[in-house]
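Novice: Below are the sequence and a predicted model; questions follow.
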Amino acid sequence: FVWGIHPNALAYSMTTLGAGMMNSIFNFYYVKLFLNRYKISEVAFHQAQVVFMIWNAINDPLFGYIQDNSKFACCSRRQFSILYGAPLYALAFLLPWFPWKHYEEGDWLSGLHLIVALCAFDGLLTFVLLAQCALFAEISTRHESRLQLIKYNQVATLIGSTSILFCGLISDNMENFAYFQAFAVLVAALATACMCYTGKYSTSQYEQREICTENANLENSDGALSWSSVISLTKQIMTEKNFLFFVTMNFFQVFHLAFCNNFMMIFADNLIPKDVLSSSVRSIMYGAGFICPQCLVLLSHTSLKKFGYYRIILFSFYFEGVAAAVMFVLGPEHYYLLAFYLTTNMVIVQASFSLFNLPLADIVDADLIKHKRRSPLSSMVFGTNALFTKPAQSLAPMLVVTILNQFGYENLNDEVAQPAPSLFLGLRDAMFYLICLVPLCIAVIQILTWTPFSIQN
């Protein structure tokens, strides 16, 4: 301990810092970039999302099994996975921001660009962050130690999420694209350095056991990656009712989070007039959507110890549902209230999602005890969870873009074929209904699926 800082928790959280800087910018800007600037067609957008959805679902359990069973140190050792994956992860982050040529409207190459950008970024994100998630479960089995990791993690996420604020202010919310590109390169370099720090300096309680048994594993690993083994272990994980309750609830949380991240800027731009909120105020608002969740989790650290994550997460669902219902009743004309609602909704969804490693780590512990394993299947549990929840990241933008285009969104920025004013009013109404009814319906489903979860630490 130096200046009261826990070195292992600090090392663990540096990957969160690097990934947070990149993920916030990627998820917040890529949909608007390809729809508005690259003018991708709806068909190409959906095709890219379908390919991404399949790859997104497959790569998590695949990498999870490889990391839990591989004989190669770059895969089996969590720290090495992060160390070697970090530079490639940063390069993948830069892919969408540099067009392969000047795209015409509906250009097929912009569709291919989106497929490559999404799949490369998610593949490297999965490889690095799955190793970090496994580290979370393996650094310690003590609940207090895990809460300490959550605390360090939230500070790192808080600092990392300021990238959205600075990116918005520097690039005028992507209006100055050259400044945006330069800022993206800077973020990629900083993120690589942060994640390499984790790879160098983090340790886990299972590390010594792994080192001692390394030679034995090498001798007995011929059938390690058999399909029967994959199916057997996955079946054991999926037969746990708490895992099923969690995965169902988490699917809708991932959907809600993608809905907020991808469309908050688009909704705000179209529902709140520019003379009501200036560009700089909007940048602060978007930044708050990423920064405030981490502040909220840090401030709720005492409440987490007192009430446990189960009650805190359940309360967040009730809050989201009530807030959506109130906003729907009040209507879209209250612009400042609408801006506050959009920001608050994003904050609550992001904050509660930040706690989800706690129930997953408890599920890993329960699986370890139930099946008397020598070491936890951390990566496989996190990977199997991702198999069922990650498709929501693609379904959310596909569903929303389809609905918005029914009301003329694709023609909104078309200077040649301007939509009729009546159609634009219909588009605004559709957007308002989406920002109220989607959170309300999700909250109801999540309350029903999270209530029976029985690990209430």
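Specialist: Nice, I can see it.
Novice: I'd like to know which elements the helix or strand where residue 157 lies is packed against.
Specialist: Counting by DSSP states H and E, the element that carries residue 157 is helix 143-171. Counting contacts by 3 or more CB pairs under 8 Å, 6 or more residues apart in numbering; DSSP states H and E, helix 143-171 packs against helix 7-32, helix 108-139, helix 177-201, helix 279-299, helix 301-330, helix 357-370. All C-beta spots, glycine's among them, are computed from the backbone N, C-alpha and C.
Novice: Distance from stretch 378-394 to the middle of the chain?
Specialist: 11 Å (CA atoms, centre = their mean, to the nearest Å).
Novice: Then stretch 44-61?
Specialist: For stretch 44-61, the separation from the chain centroid amounts to 15 Å (computed by CA atoms, centre = their mean).
Novice: mind checking the end-to-end distance for stretch 32-41?
Specialist: Using CA to CA, to the nearest Å, the end-to-end distance of stretch 32-41 comes out at 13 Å.
Novice: quick one: average confidence on that stretch?
Specialist: Averaged across stretch 32-41, the pLDDT comes to 89.
Novice: who are the neighbours in contact with residue 187?
Specialist: Going by CB atoms under 8 Å, 6 or more residues apart in numbering, residue 187 touches 21-22, 25, 93, 163, 167.
Novice: Out of the residues you listed, who's the most crowded?
Specialist: Counting neighbours by other CB atoms under 10 Å, residue 21 comes out on top of the contacts of residue 187 with 29 neighbours.
Novice: any idea of the angle the helix holding residue 157 forms with helix 279-299?
Specialist: For helix 143-171 against helix 279-299, the angle by axes from the mean of the first three to the mean of the last three CA atoms, to 10 degrees is 170 degrees.
Novice: so how far is helix 143-171 off the chain centroid?
Specialist: On CA atoms, centre = their mean, the centre of helix 143-171 falls 13 Å from that of its chain.
Novice: In three-state terms, label residue 89 for me.
Specialist: Following DSSP: H, G, I helix; E, B strand; the rest coil, the label given to residue 89 is helix.
Novice: how close does it sit to residue 25?
Specialist: In this view, residue 89 and residue 25 are 13 Å apart by CB to CB, to the nearest Å.
Novice: swap in residue 48?
Specialist: Counting by CB to CB, the gap from residue 48 to residue 25 is 19 Å.
Novice: Could you do residue 387 as well?
Specialist: Where residue 25 is concerned, residue 387 sits at a distance of 26 Å (CB to CB).
Novice: Point out where this protein drops to low pLDDT.
Specialist: 1-5, 67-76, 137, 140-141, 204-227, 230, 375, 379, 413-424, 456-457 (pLDDT under 70).
Novice: Wait, residue 248 touches residue 449, no?
Specialist: Yes: using CB atoms under 8 Å, residue 248 is in contact with residue 449, at 4.4 Å.
Novice: can you pull the buried residues of stretch 362-375?
Specialist: Within stretch 362-375, the residues that qualify as buried are 362-368, counting by 16 or more other CB atoms under 10 Å.
Novice: swap that for stretch 142-161, sorry
Specialist: Buried, per 16+ other CB under 10 Å, within stretch 142-161: 143, 146, 148-161.
Novice: and what of stretch 24-38?
Specialist: 24-35, 38.
Novice: ok, now stretch 442-457?
Specialist: Using 16+ other CB under 10 Å as the test for burial, stretch 442-457 gives 442-444, 446, 449-450, 453, 455.
Novice: In helices, which of these fall?
Specialist: Among the buried residues of stretch 442-457, DSSP state H puts 442-444, 446, 449-450 in helices.
Novice: which residues of the stretch 351-457 of the chain fall in helices?
Specialist: All helices of the stretch 351-457 of the chain, identified by DSSP state H, counting those that start in this stretch, fall at 357-370, 378-389, 391-406, 421-450.
Novice: which stretch among those comes nearest residue 323?
Specialist: Of all those, it is helix 421-450 that lies closest to residue 323, at 7.5 Å by CB to CB.
Novice: just checking, what packs against the closest one?
Specialist: helix 241-271, helix 301-330, helix 335-353, helix 391-406.
Novice: Check the offset of the shortest one from the chain's centre.
Specialist: With CA atoms, centre = their mean as the basis, the distance from the averaged C-alpha position of helix 391-406 to the chain average is 17 Å.
Novice: now the angle between helix 241-271 and it, please.
Specialist: Going by the same axes, to 10 degrees, helix 391-406 makes 30 degrees with helix 241-271.
Novice: now residue 198: how far from residue 361?
Specialist: In terms of CB to CB, residue 198 sits 18 Å off from residue 361.
Novice: who's in contact with residue 135?
Specialist: With CB under 8 Å, 6+ apart, residue 135 has these contacts: 12, 78-79, 202, 204.
Novice: nearest spatial neighbour of it, skipping sequence neighbours?
Specialist: Leaving out its chain neighbours, the residue that sits closest to residue 135 by CB to CB, 6 or more residues apart in numbering is residue 78, at 4.7 Å.
Novice: Next: residue 45.
Specialist: Nearest non-adjacent residue to residue 45, counting by CB to CB, 6+ apart: residue 401, 6.0 Å away.
Novice: Surely that neighbour and residue 44 touch.
Specialist: No: counting by CB under 8 Å, residue 401 stays clear of residue 44, with 11.2 Å between them.
Novice: Closest one of the buried residues of stretch 24-38 to residue 294?
Specialist: residue 24 (10.9 Å).
Novice: give the contact list for that closest one.
Specialist: Counting by CB under 8 Å, 6+ apart, residue 24 touches 160-161, 163-164, 290.
Novice: hmm, which two among those are most spread apart?
Specialist: Most distant of the contacts of residue 24, by CB to CB, are 160 and 164, 9.4 Å apart.
Novice: Contacts for stretch 34-49, please.
Specialist: 96, 99, 103-108, 110-111, 113-115, 118, 174, 177, 266, 394-395, 397-398, 401-402, 405, 410, 413.
Novice: and with 7 Å instead?
Specialist: For stretch 34-49, contacts defined as CB atoms under 7 Å, 6 or more residues apart in numbering pick out 99, 103, 105-106, 108, 110-111, 114-115, 118, 394, 397-398, 401, 405, 410, 413.
Novice: ok, back up a step: just the contacts of residue 187 now: which is nearest residue 435?
Specialist: Nearest to residue 435 among those, with distances taken as CB to CB, is residue 25, at 22.1 Å.
Novice: what about the closest one, distance to residue 430?
Specialist: 27 Å.
Novice: I'd guessed residue 357 sits against residue 136; true?
Specialist: Yes: using CB atoms under 7 Å, residue 357 is in contact with residue 136, at 5.3 Å.
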